[in-house]
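[1] Build me a model from this:
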Amino acid sequence: MIELEGVPELIDPVMVAAFEGWNDAGDAASTAVAHLEREWKGEVFAALDAEDYYDFQVNRPTVWLDGGVRKITWPTTRLSVVRVGGEKPRDLVLVRGIEPSMRWRSFCNEILGFAHELGVEMVVILGALLGDTPHTRPVPVSGVTSDPDLARTMDLEETRYEGPTGIVGILQEACTHAGVPAVSLWAAVPHYVSQPPNPKATLALLNRLEDLIGLRVPLGELAEDARAWQVGVDQLASEDSEVAEYVQTLEEARDTAELPEASGEAIAREFERYLRRRDVGPGAPGAPGSGPGGAPGPGHATELGDNSYLRDTSSGRTRPPKPPKPEPGDDDGPADAED
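    Just a heads-up that it's a prediction; the model follows:
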């Protein structure tokens, strides 16, 4: 039995999880959960035993000094709780760690054990994949589920993915079999600028999470970081005509494919987000409903690195070779979001 001493009774809790590794292109997903933990001052209440799930030759422990005393940090997965107040309080259980090396079924069962003991009502798993998407356009975020009823009621896609999967897909299926509503949110990261950080993809995941769970997320400086990231990539791409031409090709393909997306529902979602950011809640003058949101809290700034993330190290070129058409399930191409 899981002991949860010191954890208060939670209000309508939602579990939000992300894992570093195969399902975390640009570290976008794990950074999103770290942002939530930092902004809402999450308190860690449990950590999974590293010996059970990690190969230390793959994910090595780190040694550090604390006042001259050497200490070791082991790779693991930690759970924390954040209390979100306001007019409609709702608590979050945050799960952040590294994709396990072994015993995935036991790993998922342990996570679900915590979810059961804490009364979690829904699990949202964040992921990021590489795709043929231009950095100059909004980051595509897909919401998928294995539950047909959940897909219908929450305007999500019912997954049809077939192929290799990571811990995100395994945990979602474990939730489904355990009768716990589960959703995966996938951000597409440009394959030609895949090195972390990618604050634009992190921001897109948090915006989609807001819409899904009905909480306003304090973004701090994340929006500014995303703009700075795009400006930096713009500058680097403009220095190479091949890169610029390739980005233009992706832009044209994206714009053509998304013409039908300028629907009333998409516009309404953007307008609702705009109202939240202006502290105009439903019921305020000029807005439907009731209740203003809270002010955003302080955030963090991420620095732009050099142009190494636009470089193909094997050839020395500043533009990676144009990728071949990916096979289904290829995580290096614009595959459909997995479950």
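[2] In terms of helix, strand or coil, where does the closest residue to Glu210 other than its chain neighbours fall?
    Leaving aside its chain neighbours, Glu210 sits nearest to Val217 (5.2 Å; criterion: C-beta to C-beta, 6 or more residues apart in numbering). Glycine gets a C-beta too; all of them are placed from N, C-alpha and C. At Val217, secondary structure determined by DSSP: H, G, I helix; E, B strand; the rest coil is coil.
[3] Just give me the neighbour total for Val217.
    23 (other C-beta atoms under 10 Å).
[4] Can you get me a residue count around Gln195?
    Applying other C-beta under 10 Å, we find 15 residues neighbouring Gln195.
[5] Pretty sure it sits in a strand.
    No. Counting by three-state DSSP, Gln195 is not part of a strand but coil.
[6] how about the helices in the stretch 101-250 of the chain?
    104-118, 148-153, 167-177, 199-213, 222-238, 241-257 (DSSP state H, counting those that start in this stretch).
[7] Dump these into CSV; add mean neighbour count and mean pLDDT as well.
    Output for these, formatted as CSV (neighbours: other C-beta atoms under 10 Å; pLDDT from 0 to 100):
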stretch, mean neighbour count, mean pLDDT
helix 104-118, 17, 96
helix 148-153, 12, 88
helix 167-177, 22, 95
helix 199-213, 23, 95
helix 222-238, 18, 93
helix 241-257, 14, 86
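[8] How about Ser146, nearest residue that isn't a chain neighbour?
    Spatially, and ignoring its direct neighbours in sequence, Ser146 is nearest to Thr176 (4.5 Å; C-beta to C-beta, 6+ apart).
[9] Tell me if I'm right that the one you found and Ala182 touch.
    Yes. Contact criterion C-beta atoms under 8 Å: Thr176 and Ala182 qualify, at 6.0 Å.
[10] Now the common contact residues for those two.
    Here Thr176 and Ala182 share the contacting residues 146-147, scored by C-beta atoms under 8 Å, 6 or more residues apart in numbering.
[11] Quick one: mean pLDDT for the one helix or strand His35 maps to?
    Using DSSP states H and E, His35 maps to helix 28-39. What helix 28-39 shows for mean pLDDT is 97.
[12] Give the buried residues for that helix.
    Going by neighbour count (16 or more other C-beta atoms under 10 Å), the buried part of helix 28-39 is 28-39.
[13] can I get those in TSV with distance to Thr165?
    Below are these laid out as TSV (distance: C-beta to C-beta, whole Å):
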residue	distance to Thr165
Ala28	18
Ala29	15
Ser30	18
Thr31	22
Ala32	20
Val33	20
Ala34	23
His35	25
Leu36	24
Glu37	26
Arg38	29
Glu39	30
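[14] what secondary structure does Gly97 sit in?
    Under three-state DSSP, Gly97 comes out as strand.
[15] want to throw the helices of the stretch 101-250 of the chain into JSON lines with distance to Val139?
    Shown next, in JSON lines, are the helices of the stretch 101-250 of the chain (distance: least, C-beta to C-beta, whole Å):
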{"stretch": "helix 104-118", "distance to Val139": "27"}
{"stretch": "helix 148-153", "distance to Val139": "22"}
{"stretch": "helix 167-177", "distance to Val139": "17"}
{"stretch": "helix 199-213", "distance to Val139": "4"}
{"stretch": "helix 222-238", "distance to Val139": "9"}
{"stretch": "helix 241-257", "distance to Val139": "11"}
